[in-house]
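Asks: Any chance you can model this:
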Amino acid sequence: MRTLQIRPVSLFLFGVLAIGVHGVRQAAAEPARLNVLFIAADDLRNDLGCYGHPLVKTPHLDELAGRGVTFNRAYCQQAVCNPSRASLLTGRRPDTLGIWDLPTHFREVAPDVITLPQHFQRNGYFTQNIGKIFHNWRQAIHGDPASWSVPAVMHYATHGSDLPSIEGHDVPPDLTIGPRNECRDVPDEAYFDGRIANLAVEALADLKDRGEPFFLAVGFWKPHLPFNPPKKYWDLYRRSDFAPAENSQPPRDVPQIALHNGRELLGAGKNARTLSREEIVELRHGYLAGISYLDAQVGKVLAELKRQGLEDRTVIVFWSDHGFHLGEHGLWCKTSNFELDARVPLIIVPPGGKNAGETTDALVELLDLYPTLVDLCGLPKPAGLEGVSLKRVLDRPATRVKSAAYTQHPRPAYYKGQPDVMGCSVRTDRSRYTEWRSFQTGHVVARELYDHQADPAENRNIVNTPPDADELRRAQRLLNEVFPRRKPAGEGTSRE
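Replies: Residues are numbered from 1 along each chain as shown. Below you'll find the predicted structure:
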């Protein structure tokens, strides 16, 4: 009987084969890394069908909400573009960054900070930016090149420069009457957002071919002023369905410092204007038309994601940088701490369809998106993040991960300096409490308290007559946990 002899070469080849088979099995067992489709809107408050708005037509975003989890109480950290976006994309609060204005680029104050897309890039993702994600600084630095694998496109412009340009044709007439509105019978691509959607569609096809995990950020400019969607979106609505805001006067007993002059729309000083009823109604019409235009562009991107077969392994996030006023409280635009400015739409669709169509009342902040996406995609968590992961909320929408959400805004408006007064605001389950503090001393110059159970529109400041003293004390404690107040020199024990 012959004995089987295995030669060293045979052993080597057998070992290589075994290792190869094991490696294939191991690779097959490892799930594909999740992609991220990160969709941003500009100046969009919660006027969406999925949030219960009675007039707006947003079928694509409503369908997206039906596939994911909709956050009813998500809040920005400051109601103006640059600080809000810098906070979200770095995972730091505006006070940590020291950014409360439009001009300051976050790299000027935190040059080594690792942004959300940059963290994905460093962990093997292809990162791409189409449209407005970072603020569009009018400086030598545009966007943040370090965050992207390829240069960003359509991310820089001055609002209003996207007027229609129809090759070989005259520009159709503008049918509007009021300030900062425009209604022309032009195709979607006449304006930036139509072009952004088309570029995003092209990018998804390219990303599918690359075969790498990707982080694609698509930033739309609407419904930001000017309200200039193509005519077909104005035609979705009847002007007779619109009226001025019912609460068009400032809240009762509100401190003057909480208000502002809406100069973005109305101008200031000698050039300030008062709107007629007809102009107000047209602006409110134009805002919803802009939202429907935005919705249509989002729909194009989502349809291409599905067509490319990428839905099942892509986390989709839709968010807005802050809210907006349309005459409520006598205010226009943003830059306040009121609920309409602080609250934002947020929809997250993790792959797998778990809890599809669910809503959550958990208090969350845009600051939480950075750790959430890192958690969902299984990446290491970087140091310095001040938000919390919302994965537990996505798994169980009734879960609460924090006791409050925080928003702030300075007074007066300033340019690359320190504000005189900072408004620090906390939103609890029941109320909104705001302190206006001297930036230098911490001395409280004014306070506000709104009971959202009895007064969800924030029409009456009850800080001097709180119905529940314990709730006021709790709100003050929560506010000081994030915004610790410096005690002014010579001040005794605070009774606040």
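Asks: For R195, the count of nearby residues, please.
Replies: Residue crowding around R195 was assessed by other CB atoms under 10 Å; the count is 18. To be clear about C-beta, it is placed using only N, CA and C from the backbone, and glycine gets the same treatment.
Asks: cool, V482 as well?
Replies: Residues within reach of V482, counting by other CB under 10 Å, total 15.
Asks: Please tell me how far it sits from R85.
Replies: Distance, V482 to R85, using CB to CB, to the nearest Å: 20 Å.
Asks: And I114, by the same measure?
Replies: I114 sits 16 Å away from R85 when distances are taken as CB to CB.
Asks: Also K57?
Replies: According to CB to CB, K57 and R85 sit 27 Å apart.
Asks: excluding its backbone neighbours, what's nearest D42?
Replies: H224 (4.2 Å; CB to CB, 6 or more residues apart in numbering).
Asks: Over to T372?
Replies: Once flanking residues are discounted, T372 sits nearest to L390: 4.4 Å by CB to CB, 6+ apart.
Asks: so who does the one you found touch?
Replies: 71, 348, 362, 364, 368-369, 372, 401 (CB atoms under 8 Å, 6 or more residues apart in numbering).
Asks: Including secondary structure, could those residues go into CSV?
Replies: Listed next are the contacts of L390 as CSV, based on DSSP: H, G, I helix; E, B strand; the rest coil:
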residue, secondary structure
F71, strand
I348, strand
A362, strand
V364, strand
D368, helix
L369, helix
T372, helix
V401, coil
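Asks: Can you tell me which of these comes closest to H325?
Replies: Of all the contacts of L390, F71 has the smallest distance to H325: 21.0 Å, by CB to CB.
Asks: now the strand or helix carrying V315: mean pLDDT?
Replies: Following DSSP states H and E, one finds V315 within strand 314-320. Strand 314-320 shows a mean pLDDT of 98.
Asks: List the contacts of the next helix or strand after it.
Replies: Counting by DSSP H and E, the element after strand 314-320 in chain order, helix or strand, is strand 325-326. Contacts to strand 325-326, defined as CB under 8 Å, 6+ apart, come from residues 245, 262, 283-284, 287, 331-334, 336, 338, 340-341.
Asks: swap in stretch 200-215?
Replies: Against stretch 200-215 from outside (CB under 8 Å, 6+ apart): 32-36, 38, 117, 120-121, 124-128, 130-131, 216, 218, 300-301, 304-305, 308-310.
Asks: how about it: buried residues?
Replies: For stretch 200-215, a neighbour-count test (16 or more other CB atoms under 10 Å) marks 200-201, 203-204, 207-208, 213-215 as buried.
Asks: Work out the gap between it and the centre of the chain.
Replies: Stretch 200-215 sits 23 Å away from the centroid of its parent chain (CA atoms, centre = their mean, to the nearest Å).
Asks: Dump it to PDB, keeping only the CA atoms.
Replies: The C-alpha trace of stretch 200-215 is given here as PDB (Å, rounded to 0.1, in the frame of the first residue of the first chain):
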ATOM      1  CA  ALA A 200     -27.000  65.200  -8.800                       C
ATOM      2  CA  VAL A 201     -28.700  62.800 -11.100                       C
ATOM      3  CA  GLU A 202     -25.500  62.600 -13.200                       C
ATOM      4  CA  ALA A 203     -23.400  62.200 -10.100                       C
ATOM      5  CA  LEU A 204     -25.400  59.200  -8.900                       C
ATOM      6  CA  ALA A 205     -24.900  57.400 -12.100                       C
ATOM      7  CA  ASP A 206     -21.100  58.000 -11.900                       C
ATOM      8  CA  LEU A 207     -21.100  57.000  -8.200                       C
ATOM      9  CA  LYS A 208     -22.800  53.700  -9.100                       C
ATOM     10  CA  ASP A 209     -20.100  53.000 -11.700                       C
ATOM     11  CA  ARG A 210     -17.300  53.800  -9.200                       C
ATOM     12  CA  GLY A 211     -18.500  51.100  -6.800                       C
ATOM     13  CA  GLU A 212     -17.100  52.900  -3.800                       C
ATOM     14  CA  PRO A 213     -19.100  54.000  -0.700                       C
ATOM     15  CA  PHE A 214     -20.100  57.600  -1.200                       C
ATOM     16  CA  PHE A 215     -21.200  60.600   0.700                       C
END
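Asks: okay, the angle between the strand ranked longest in the chain and strand 314-320?
Replies: Longest strand in the chain by number of residues (criterion: DSSP state E): strand 214-223. Orientation check (axes from the mean of the first three to the mean of the last three CA atoms, to 10 degrees): strand 214-223 against strand 314-320 gives 30 degrees.
Asks: which residues of the stretch 1-150 of the chain score low on pLDDT?
Replies: Along the stretch 1-150 of the chain, the parts satisfying pLDDT under 70 run over 1-31, 137-142.
Asks: What segments of it are helices?
Replies: Using DSSP state H, counting those that start in this stretch, the helices of the stretch 1-150 of the chain run over 8-29, 59-67, 81-90, 94-97, 106-109, 116-122.
Asks: now swap in the stretch 301-450 of the chain and tell me
Replies: Using DSSP H, counting those that start in this stretch, the helices found in the stretch 301-450 of the chain span residues 339-342, 369-376, 391-395.
Asks: Same question for the last one: list its buried residues.
Replies: Pointing back at helix 391-395 there. Buried-residue list, helix 391-395, by 16+ other CB under 10 Å: 391, 393-394.
Asks: Pull the residues that contact that helix.
Replies: Contacts of helix 391-395 (CB under 8 Å, 6+ apart): 69, 71, 348, 350, 354-355, 360, 362, 364, 372, 375-376, 399-401.
Asks: one more time with 10 Å, if that's ok
Replies: By CB atoms under 10 Å, 6 or more residues apart in numbering, the residues outside helix 391-395 that reach it are 68-69, 71, 315, 348-350, 354-355, 358, 360-362, 364, 368, 371-376, 399-402.
Asks: hmm, back to that, go through the helices of the stretch 301-450 of the chain and pick out the most buried.
Replies: helix 339-342 (a mean of 25; mean count of other CB atoms under 10 Å).
Asks: Using PDB, list the CA coordinates for it.
Replies: These are the backbone C-alpha positions of helix 339-342, laid out as PDB (Å, rounded to 0.1, in the frame of the first residue of the first chain):
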ATOM      1  CA  GLU A 339     -40.100  78.600  17.300                       C
ATOM      2  CA  LEU A 340     -40.700  79.400  13.600                       C
ATOM      3  CA  ASP A 341     -37.100  80.300  13.100                       C
ATOM      4  CA  ALA A 342     -35.600  77.600  15.400                       C
END
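Asks: who does that helix touch, helix- and strand-wise?
Replies: When contacts are defined as 3 or more CB pairs under 10 Å, 6 or more residues apart in numbering; DSSP states H and E, helix 339-342 sits against strand 69-75, strand 325-326, strand 405-411, strand 421-427, strand 431-438.
Asks: quick one, which of those is packed in tightest?
Replies: strand 405-411 (a mean of 26).
Asks: from the contacts of strand 325-326, which is closest to E108?
Replies: Among the contacts of strand 325-326, and counting by CB to CB, the member closest to E108 is K334, at 23.0 Å.
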